[in-house]
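Chemist: Provide a 3D model corresponding to the input given below.
(4 chains, ligands or ions: 2)
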Amino acid sequence: MKFGIIVFPGSNCDIDFYHAFKDGFGEDVEYIWHDTESIDEFDCIILPGGFSYGDYLRCGAVAGFSKVMESVRKHAEAGKLLIGVCNGFQILTEMRLLPGALVRNQNLKFICNTVGIKVENNDSPFTNQCEKGQVLNIPIAHGEGNYVADEETLKQLKENGQILFTYAENPNGSLLDIAGICNKKRNVMGMMPHPERACDVLLGNEDGRFILQSIITHLKGEMQNE
Amino acid sequence: MKAKVYVTLKKSIADPQGTAIQGALKKIGYPNIEEVRIGKLIELDLGEVSQETAAQQVKEMCEKLLANTVIEDYRFELE
Amino acid sequence: MKAKVYVTLKKSIADPQGTAIQGALKKIGYPNIEEVRIGKLIELDLGEVSQETAAQQVKEMCEKLLANTVIEDYRFELE
Amino acid sequence: MNKPYEAVGLTAEEYAKVVEYLNREPNELELNMYGVMWSEHCSYKHSRSLFKHFPTTGKRVLQGPGENAGIVDIGDNLAIAMKIESHNHPSAIEPYQGAATGVGGIIRDIFAMGARPIALLNSLRFGDVENSERVKYLLEGVVEGIAGYGNCIGIPTVGGEVNFNNSYNGNPLVNAMCVGVIEHDKIHRGNASGVGNSIMYVGAATGRDGMGGASFASVELSDESEEKRSAVQVGDPFMEKLLMEACLELLQTGSVVGIQDLGAAGLTSACCETATRGEGGMEIDVLKVPRREKGMLPVEVMISESQERMLIIVEKGREDEVTKIVEKWGLHSVIIGKVTDNGRLIVKEGDVVVGDMPAHSLDSSGAPKYYKDYEVPQYYRDVKKFTSSDVEEPTDLNQTIMELLKSPNIASKEWVYKQYDHMVRTSTVVKPGSDAAVLKLRGTKKGIALTTDCNSRYCYLDPREGSKIAVAEAARNIVASGGKPIAVTDGLNFGNPEKPDRYWQFRESIVGIGEACRELDTPVISGNVSLYNETESQAIHPTPMIGMVGVLDNVENHCTMAFKSEGDVIILVGDTKDEIGGSEYLARIHNLEMGEVPHLNFALEKKVQNFVLESIEKGLLESAHDLSEGGLAIGLAESCMDHGVGATINLETKLRKDVALFSESQSRFIITVKASVLEEIEGNLLREKIPFTRLGEVAGKELKININSEEVINLSVNQMEDAWRGALECLIH
Ligand SMILES: Nc1ncnc2c1ncn2[C@@H]1O[C@H](COP(=O)(O)OP(=O)(O)O)[C@@H](O)[C@H]1O
Ligand SMILES: [Mg+2]
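Modeler: Numbers count the residues shown, from 1 in each chain, chains lettered A, B, ... in the order given. Ligands and ions are numbered 1, 2, ... in the order given. Down below sits the predicted model:
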């Protein structure tokens, strides 16, 4: 099982994810520079947090044009796992791999804090080790994490169980308190909170391990089925 | 050829920045303000291109990058 | 009465946002772009006020709040 | 009037000195270059002569003051680079960009040494935030600017301070500190050596921004400053991120001889400083310098302070290696000149020589140096006329505590640090909100503790004692977190040094810092001086900000201030005396800035610090917190609020109740221990002859304090917390 972390010039949570998988779980993980062509060897691709290309116009708007992202799109279309956290989530919506958009936080401020997020659906590759309704304490750090989408999209998200996480106390104005969603096929997931920041006992919080462990468990299961 | 692109949030999308500015304006003595919406103004210098090419290019740029059509509308002027 | 306020960075002030977007546009296939500058578009609904009051109010609001006159210029239209 | 040298901020004598160096009259380009380089900001002409008071060496010091940043050894081939820098005047004009570019500048200083920046701190001072809309605007803008820059570049902002005092009404202070980690053998310096080596320019294009920023920082603020708007620089954190990664990668190749950021005085200072350090000369062509604007004059190119630029001196023949890495990061590099051996800085425009000066004459080694007259100001004597009996004891001490918790100086700074990404890089073990931040260093067991401190009210009342206390308090914060203090970077913010009373404050403060750093064995390895912080009506309180780093050999042994579990025993280490002079209590409740500052006894201070540190290292303490503003009562309240637990305290004292609660006596900590180790701890305290008091225990949901068996305080922790946490945000909105 191999994890690949896409590195854009302005990524800055790439190393956090790397160490979460490597030091926290002993998994095989590699960085992938944004002009790489082939990513076939990877089972799960991570779009990490940061400011991929400075994020000046809209967060995540430019990253979709990187060379590697064509392969990433194909990877997702082939049903393989693709995860975007924070800036990665913004990139996924900009690329229309996930519905909706992320706009400025309601209070117009960047917010860095640890918040409670509720697991709405534990039947997914990203939440299978969680209990439904379980509240995880996960750090957030974003200025534009306010999830918006039209009525129809929200309805679909709800009906299809695509809402994976909601905020226990909404910090940023997100509609339906949305903190993380997946696509209909359940192989692409985006979330604003940073599970990779909560995988180390020394940092005082290990709730993120539930999410990483879910992914690992899912991939293990898939490999056994093959 | 120069272009001015105006990108505005769709009516259905909340605009917290606009709301905040409206609040601030009320506080400093303009209670009559009924609405404030914040958009972007992007000024482009396209170099030496025909009006036609320019129009087409700018439209493409808006669709691809300058606006996120999920939440934003755009219009532009050439001069 | 409605107003459209355009806030732009002063010419002498660096615009890294604009430069970054110019770079991105070049990358996605528009090498001819010579300059990009990013500004703000603020749309105000002033309610029922005379043209004159509106003009004066908007000017004041720009000076006090809407533009940061240390680094930005503004202009506006009423309609 | 209207002498050309006056326009660039030089005096007639200084001009004569320029003529002497050149053996002729300078042309306009040269004159401007001397003007910016000989400004206080670049040359330290009023301060250099005082630096001899600082201890700057020690067994851990790998690089002392004089380079882009100082470096201290922390063992295992690892070292810490750090420096603090002011951006006060730019922030007063345009708070967001002023603060943002301050952060950008200090980060460049760190990676220019080859160190990877791993943490940022910021030390802020504002005026009357409760009554001034302008102050609120400045505070919001500055905090957003720091956040905007640091968050984007992905370096956690882990600590700092924010303080308010009317003396900063016209002149806020914004000091940013950056800390980096480096392996011993990777240290780089800003040297231009090796004849024929290439001078390369990397980063953003040069524009007309920040023209003369350095000299601008060296005059008092006036209405005219608004006119110098072209001095506003705009930060581009993404560009800086690219530059940082590119430079760090470049430095691994071995092709780089020297590297220097383009900060104050831009190309001029980068060229003459690297040339002087390399003991050679340099020749550059301004036409080769990438420009943002058309028609720029050589002088504009040379003194522009455009952000996010670096100068790199590359071994001849290896330029392509540099170009390749720089391009990988989406940047461009150009060769703008070469290293020579004639000791001269020669500026060309194409083939034409437009400036030719001895390189060292521009640099601080050639700049004038002043020993100014000083004079003890009258206020210094007047303010001492105070005893605690001059003020009445409040009747309701509960209310007094609540009032103090809401004081902007004591209130939680959460509103500020929640806007900073303090967790990115997943190394922040102790986050903002405790005494010092603690970071782990990946791949080792080690950690570092970081803090900035300065009580400027003390420094006003008694600059020498106040400055000593600033150093001691910084060390106490490090110790309370489990770190051993090892080095200091100082941000000296003062008024106009040409006024004898201000110069006295400045001098006293430096002497005080020097003494304290010697006593506590924390050498000064870098720093920054910002003078002329005054408006027509008022100078700021002397504000020597002390940035300090400490090392934890095993980061798992860190400690925080929060009371942990019911039944833990609370001990006050140190002694409370009748010392409310200069206290937050006196200022807030009685509206007085007066009195003798608390007495600092280094012998006791060291004993207390050693005891606390050793106890933490042995794992004996559940919590530790140093006492500072607000004294014992506020210290207890702070430790209660973090985990929402209460405490019951029984105090026997001869002091007046308000004095016992709010005195700011030095060298004190509150610690909590499990009952099982109480005997061991008290035994150690007795053996060390450290005064201490067993105060009570962690219990319930209230803070209850009985003095001489009378209950004087009974407050719910929730109620205190609401007031304390919300106060700052409440003020702003
Ligand atoms: N400007 C700031 N940026 C980041 N953290 C801050 C800032 N101001 C205060 N803090 C944090 O808030 C906490 C309390 O600060 P302070 O009251 O100055 O502590 P102390 O009195 O122990 O020095 C510290 O953890 C400090 O780092
Ligand atoms: Mg403290």
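Chemist: now chain B, which segments are flagged as low pLDDT?
Modeler: Applying pLDDT under 70 to chain B flags no residue at all.
Chemist: so where do the strands sit in the stretch 251-400 of chain D?
Modeler: D:256-261, D:281-285, D:309-314, D:333-340, D:344-349, D:352-358 (DSSP state E, counting those that start in this stretch).
Chemist: Check these for me and report the most buried one.
Modeler: strand D:309-314 (a mean of 27; mean count of other C-beta atoms under 10 Å in any protein chain shown). From N, CA and C alone the C-beta is placed, and that goes for glycine too.
Chemist: and that strand, what other elements does it pack with?
Modeler: strand D:198-203, helix D:237-251, strand D:256-261, helix D:266-277 (3 or more C-beta pairs under 8 Å, 6 or more residues apart in numbering or on different chains; DSSP states H and E).
Chemist: Determine which stretch of the ones you listed is the most buried.
Modeler: helix D:266-277 (a mean of 28).
Chemist: hang on, the earlier thing: looking at the helices and strands packed on strand D:309-314, spot the one closest to chain C.
Modeler: helix D:237-251 (6.4 Å; C-beta to the nearest C-beta).
Chemist: quick revisit: could the strands of the stretch 251-400 of chain D go into CSV alongside mean pLDDT and distance to residue D:69?
Modeler: Listed next are those as CSV, based on pLDDT from 0 to 100; distance: least, C-beta to C-beta, whole Å:
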stretch, mean pLDDT, distance to residue D:69
strand D:256-261, 93, 10
strand D:281-285, 96, 22
strand D:309-314, 95, 14
strand D:333-340, 96, 23
strand D:344-349, 96, 24
strand D:352-358, 97, 27
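Chemist: Tell me which of those strands sits nearest to residue D:620.
Modeler: Closest to residue D:620 of the strands of the stretch 251-400 of chain D, according to C-beta to C-beta: strand D:256-261, at 44.8 Å.
Chemist: Now chain A against ligand 1: closest residue?
Modeler: Closest to ligand 1 within chain A is residue A:112: 10.6 Å, counting by C-beta to the nearest ligand atom.
Chemist: Look up the residues forming beta bridges with that residue.
Modeler: Beta-bridge partners for residue A:112, by DSSP bridges, are residue A:141.
Chemist: Tell me how many other residues surround it.
Modeler: 25 (other C-beta atoms under 10 Å in any protein chain shown).
Chemist: residue contacts, it?
Modeler: A:139, A:140, A:141, D:151, D:417, D:418, D:419, D:420, D:421, D:422, D:423 (C-beta atoms under 8 Å, 6 or more residues apart in numbering or on different chains).
Chemist: Which one of the residues you listed is nearest to chain B?
Modeler: Nearest to chain B among the contacts of residue A:112, counting by C-beta to the nearest C-beta, is residue D:419 at 15.3 Å.
Chemist: So what touches the longest helix anywhere in chain A?
Modeler: Longest helix in chain A by number of residues, with DSSP state H as the criterion: helix A:209-225. For helix A:209-225, contacts defined as C-beta under 8 Å, 6+ apart pick out A:1, A:20-21, A:24-25, A:27, A:43-44, A:81, A:83, A:124-130, A:134, A:136, A:195-196, A:198-199.
Chemist: try it again with 6 Å
Modeler: Residues from elsewhere that reach helix A:209-225, judged by C-beta atoms under 6 Å, 6 or more residues apart in numbering or on different chains: A:1, A:43, A:125, A:126, A:127, A:128, A:129, A:130, A:195, A:199.
Chemist: Confirm that residue D:664 sits in a strand.
Modeler: No - according to DSSP: H, G, I helix; E, B strand; the rest coil, residue D:664 belongs to no strand; its state is coil.
Chemist: Grab the nearest non-local neighbour of it.
Modeler: With C-beta to C-beta, 6 or more residues apart in numbering or on different chains as the criterion, residue D:664 has its nearest non-adjacent residue at 4.6 Å, and that residue is residue D:583.
Chemist: Just want the phi and psi numbers for the one you found.
Modeler: Dihedral angles of residue D:583 (phi, psi; degrees, to the nearest 10) stand at phi -80, psi 160.
Chemist: Alpha carbons only: can I get stretch D:690-706 in CSV?
Modeler: Extracted in CSV, the C-alpha atoms of stretch D:690-706 (Å, rounded to 0.1, in the frame of the first residue of the first chain):
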residue,chain,number,x,y,z
ILE,D,690,14.5,28.8,48.8
PRO,D,691,11.6,30.6,50.4
PHE,D,692,8.3,28.9,49.7
THR,D,693,4.7,28.6,50.9
ARG,D,694,2.3,25.7,50.6
LEU,D,695,-0.7,27.5,49.3
GLY,D,696,-3.5,24.9,49.1
GLU,D,697,-4.7,22.5,46.5
VAL,D,698,-6.4,22.1,43.2
ALA,D,699,-10.1,21.6,43.9
GLY,D,700,-13.6,22.2,42.7
LYS,D,701,-14.7,24.8,40.2
GLU,D,702,-14.0,27.9,42.1
LEU,D,703,-10.9,29.9,42.9
LYS,D,704,-11.2,30.4,46.7
ILE,D,705,-8.5,32.4,48.5
ASN,D,706,-8.5,32.8,52.3
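Chemist: List the buried residues of it.
Modeler: Buried residues in stretch D:690-706, counted by 16 or more other C-beta atoms under 10 Å in any protein chain shown: D:690, D:692-699, D:702-706.
Chemist: now the helices and strands packed on strand D:309-314 as TSV including distance to chain B?
Modeler: Below are the helices and strands packed on strand D:309-314 laid out as TSV (distance: least, C-beta to the nearest C-beta, whole Å):
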stretch	distance to chain B
strand D:198-203	23
helix D:237-251	16
strand D:256-261	31
helix D:266-277	27
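Chemist: Which among the ones you listed is found nearest to ligand 1?
Modeler: Nearest to ligand 1 among the helices and strands packed on strand D:309-314 is helix D:237-251; the distance by C-beta to the nearest ligand atom comes to 17.2 Å.
Chemist: Quick one: neighbours of residue D:174, just the number.
Modeler: Neighbours around residue D:174, by other C-beta under 10 Å: 30.
Chemist: Would you confirm that it contacts residue D:91?
Modeler: Yes - in this structure, residue D:174 is within contact of residue D:91 by C-beta atoms under 6 Å, at 4.1 Å.
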